[in-house]
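Peer 1: Could you work out the structure for the sequence below:
(4 chains)
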Protein chains: 2
Amino acid sequence: MADKGSDDSGEAGSRPSEGGAADGETPKRRSPKGQQRLGMREIARRAGVAPMTVSRALADPDKVSPETRARIMAVVEREGFIRNQLASSMSSLKSRRRIIGTMVPPLINSGIAEQVQGMSDACHEAGYQLLLVQGDFDRDAEDQAIRALLGWQPAGLILQAFVQAPGARQLLEDGDVAVVEISEVRGRDPIDMAVGVSNFDTAHAMTCHLVDKGYRRIGFVSTPAHGNDRLQQRRIGYRQALIDRGHVYPASLEIEVPITSAGGAEAVSALVARDAALDVIFCSSDTLAIGAVQECHRRGWAIPGRLAIAGYGDVDLAAQLYPPLTTVRVDRYGMGRLAVDQLLKRLRGEENLPRIVPVGFSIVDRASA
Amino acid sequence: MADKGSDDSGEAGSRPSEGGAADGETPKRRSPKGQQRLGMREIARRAGVAPMTVSRALADPDKVSPETRARIMAVVEREGFIRNQLASSMSSLKSRRRIIGTMVPPLINSGIAEQVQGMSDACHEAGYQLLLVQGDFDRDAEDQAIRALLGWQPAGLILQAFVQAPGARQLLEDGDVAVVEISEVRGRDPIDMAVGVSNFDTAHAMTCHLVDKGYRRIGFVSTPAHGNDRLQQRRIGYRQALIDRGHVYPASLEIEVPITSAGGAEAVSALVARDAALDVIFCSSDTLAIGAVQECHRRGWAIPGRLAIAGYGDVDLAAQLYPPLTTVRVDRYGMGRLAVDQLLKRLRGEENLPRIVPVGFSIVDRASA
DNA sequence: CTGTTAGCGCGTTCAC
DNA sequence: GTGAACGCGCTAACAG
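Peer 2: As a prediction, the model looks like this:
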């Protein structure tokens, strides 16, 4: 490797006594120059025009004569000019906001990650930037996060789950930002617009599917549903399906476990202890289901012979698992994109937008159940 | 001249009816008209002070007298004032930037998601917001993404992988934003600072570990390494370990497959076809390893009896898999946090920051190999 | 402790 | 087709 140890000797004269900085192996230090990038004014000066003309050449090229434009663009390229979005957004507050704020649960949920990816892609295609706040929110933190987002004057907000904090809700209802909530779409009133599946419907459909395949004792595992619409709806959907199919609803076959694959394993142990005749376990997430499958392997149980397992989410691994996982597929990536699309429609001023945009789903029937 | 003196309100001292109510409870029923949020000027007027005083009360409460502060805060609360961060950042360009931009590969990689979570948490604890650009970048897209980020005048940038696009690199070297690259830390020269593991070391360690456990024919699977430092380093580490341990380096036992668990399954088939005596397969990601394990189940092969599998990453599932996965553990969440910490140190002007901050790793020895 | 002045860098508006 | 003035909302720097 070329170690051009002499590369600073060129201007050796100006080097005081920095040498002893104990680095020894880092030949190059970062110069503290911090050269400020040029502003539009300076670009204009170098192109021999007024700043306004530069602005136009960038925003609306047709309104500038070809020669002027060429001259300007040449300087822009040469100097690597990047327009200051802060100033840009400031000067015309309504029309040039270019930020979409979003608040999401922990990304470790692969579904959330896909969704964020969808939002991100759609945002960038439309020239917006995504300001991300991510965390496990209680009402206060949620409120604070929304305020933090609003401070950046976003064109819109995409919120995962309906806003709980009353203060924040009020703020959003009064304010002039577009809001899309991505969540359970059943039985709630969105602040502005909502995109999502009916978790009730998905769980109902899967449970019916299992009943129709001949399973009789159907367990249901979820992570803690308290304060979580989506999980609650899934549970209700499960219960309703049992009732609709003429099964007695066995409360003892429901269980809550931590949100890890270890939780899925735990659920298997707990549920079979409660009911040795258990047929199948419907897990409210693939992570749980995968954990449950591993537990069956550990016990040497055939799947679905001894115990069948169904999941929710259709993560990448679901299809590759042994045995392949029967699960509920929701297009999370598409949901993310759709949320952004709705937001953009509102920003464009389109009328008669639906307040609720349902997203489809499907039951993926594989070997595990 | 300021018009406030002649105006109606506050200083009249005798606040007719609402003042008398000892209840500080202002039942915040705002008029149902969707109103624009108020600016600082308006808050100041209602509190009977100058805008600057409001600014100070918010930014540096000690510099305002307790009574004034109380009066201001009351109005701020009542009106739900949120400071315009755009304007704030504009007015003092060096000191009040509050955005950290980041560019990351697809979040579907659970490692990346964890890392982003670490960055996000650390950012918010320090009062910064995370501006996220996410995608599968070629050089041009990368360049464009970085420019987009820079337009928001971020205090710093955290970039996943070293910047390839020469234009962007130049921009960052000249500019005054702090930059942390999260990546392979071996043999590269960071723009400013770098945080990461030596992928060479990790792969070398795992390969040695396998050799030391008695495996003789060691396959290596990775996703396409072209243009990907980290994967290349892992491969070289694998090769070097074999040489260091006195094994002949068998090029035929290396393979590249797509970045899915299906790829892992494919690798098993391909490699055993090449060498029926294959002992173990070292997969450059857990996703691949998990796919490989499933393929073994499908074939009814004992793990590690017939074929052992090792992974890289220690995803949540790795420990729960059947059999539990031997893998390389890197603390991605911590890496994300660390990257932000380094950035903040630079922003605080700390001296003698190391240009390269290595992150530790460990070999997690479980049952699969 | 508090207020006043002057701009941050750009875009809108209107004049040329 | 181009330019000059003004203002977006906030804060550094200096009065008082």
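
Peer 1: and the nearest residue to residue A:98 once chain neighbours are set aside, what does it touch?
Peer 2: In space, and not counting its chain neighbours, residue A:98 is closest to residue A:128: 5.5 Å by C-beta to C-beta, 6 or more residues apart in numbering or on different chains. For the C-beta atoms, the positions are set from N, CA and C on the backbone; glycine is no exception. For residue A:128, the contact set (C-beta atoms under 8 Å, 6 or more residues apart in numbering or on different chains) comprises A:98-100, A:155, A:340.

Peer 1: shouldn't residue A:326 be in contact with residue A:313?
Peer 2: No. Contact criterion C-beta atoms under 8 Å: residue A:326 and residue A:313 do not qualify, at 11.9 Å.

Peer 1: So which of these two has more stuff around it?
Peer 2: residue A:326 (26 against 23; other C-beta atoms under 10 Å in any protein chain shown).

Peer 1: Can you show me the helices along chain A?
Peer 2: According to DSSP state H, chain A carries its helices in the segments A:40-47, A:51-59, A:66-79, A:85-91, A:110-125, A:139-150, A:166-174, A:199-212, A:229-244, A:261-274, A:286-299, A:332-347.

Peer 1: Distance to residue B:205 and mean neighbour count added to those helices, as CSV?
Peer 2: Compiled in CSV, the helices of chain A are given as follows (distance: least, C-beta to C-beta, whole Å; neighbours: other C-beta atoms under 10 Å in any protein chain shown):
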stretch, distance to residue B:205, mean neighbour count
helix A:40-47, 52, 18
helix A:51-59, 51, 18
helix A:66-79, 47, 15
helix A:85-91, 44, 19
helix A:110-125, 28, 23
helix A:139-150, 39, 19
helix A:166-174, 48, 17
helix A:199-212, 44, 21
helix A:229-244, 41, 20
helix A:261-274, 26, 20
helix A:286-299, 26, 25
helix A:332-347, 36, 22
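
Peer 1: Would you single out the least confident of those helices?
Peer 2: Lowest mean pLDDT of the helices of chain A: helix A:166-174, a mean of 84.

Peer 1: From the contact counts, what lies against that one?
Peer 2: helix A:139-150 (3 or more C-beta pairs under 8 Å, 6 or more residues apart in numbering or on different chains; DSSP states H and E).

Peer 1: Please list the outside residues in contact with the helix it packs on.
Peer 2: The contact list for helix A:139-150 (C-beta under 8 Å, 6+ apart) reads A:101-103, A:131, A:133, A:135, A:137, A:157, A:159, A:163-165, A:167-168, A:171-172, A:175, A:177, B:37, B:82, B:124, B:129.

Peer 1: Recalculate using a threshold of 6 Å.
Peer 2: Residues outside helix A:139-150 that contact it (C-beta atoms under 6 Å, 6 or more residues apart in numbering or on different chains): A:101, A:103, A:133, A:164-165, A:167-168, B:82.

Peer 1: Reformat those residues as a markdown table; add distance to residue B:268.
Peer 2: A markdown table is the format used below for the contacts of helix A:139-150 (distance: C-beta to C-beta, whole Å):
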| residue | distance to residue B:268 |
| --- | --- |
| A:101 | 44 |
| A:103 | 41 |
| A:133 | 41 |
| A:164 | 47 |
| A:165 | 50 |
| A:167 | 55 |
| A:168 | 51 |
| B:82 | 55 |
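
Peer 1: Put the buried members of the residues you listed into a PyMOL selection.
Peer 2: Here is the PyMOL selection string for the buried members of the contacts of helix A:139-150, based on 16 or more other C-beta atoms under 10 Å in any protein chain shown:
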select buried, (chain A and resi 101+103+133+165+167+168) or (chain B and resi 82)
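
Peer 1: Nothing else from me, thank you.
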